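>>> Have a look; sequence and predicted model below, questions after that.
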Amino acid sequence: MADIGAVLGASGAGTTQALSLVGAVLVEAILLYVGYGALTNALEPTVRRLIGVESSE
């Protein structure tokens, strides 16, 4: 596997840990975005019906 720190001109274990953390946060953000989108699509018709708002579908 390529040493990302060397490619970016930095060195040390701290750089690798920082890049790993940034990657983990990015993956978490993507999963939350997709998850909340799916949850919204699944629950929106029911919530709209319960509060009496007409659906645009």
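Cool, got the structure.

>>> Do I have it right that Glu54 meets Arg48?
Yes. Taking contacts as Cβ atoms under 8 Å, Glu54 lies within contact range of Arg48: 7.5 Å. C-beta here means a position set from N, CA and C on the backbone, and glycine is covered the same way.

>>> So which of those two has more stuff around it?
Arg48 (14 against 7; other Cβ atoms under 10 Å).

>>> mind checking the SS state of the more buried one?
Put simply, Arg48 is helix when judged by DSSP: H, G, I helix; E, B strand; the rest coil.

>>> quick one: furthest residue from the center of the protein?
Gly52 (31.9 Å; Cα atoms, centre = their mean).

>>> low-scoring stretches of this protein, by residue?
Residue ranges of the chain with pLDDT under 70: 1-11, 55-57.

>>> tell me the helices in it, going along the chain?
4-7, 13-51 (DSSP state H).

>>> Check those helices for me and report the most buried one.
Among the helices of the chain, the stretch with the highest mean neighbour count (mean count of other Cβ atoms under 10 Å) is helix 4-7, at a mean of 12.

>>> that older thread, state the phi and psi torsions of the residue farthest from the centre of the chain.
phi 80, psi 20 (degrees, to the nearest 10).

>>> repeat for Val53
Here Val53 shows phi and psi, under degrees, to the nearest 10, equal to phi -100, psi 130.

>>> hang on, the earlier thing: ok, now which ones touch the residue farthest from the centre of the chain?
Not one residue lies near Gly52 by Cβ atoms under 8 Å, 6 or more residues apart in numbering.

>>> Quickly note the distance from it to Gly14.
As judged by Cβ to Cβ, to the nearest Å, Gly52 and Gly14 stand 56 Å apart.

>>> Over to Leu21?
For Leu21, the distance to Gly14 - Cβ to Cβ - is 10 Å.

>>> next one: Val22
Counting by Cβ to Cβ, the separation of Val22 from Gly14 is 13 Å.
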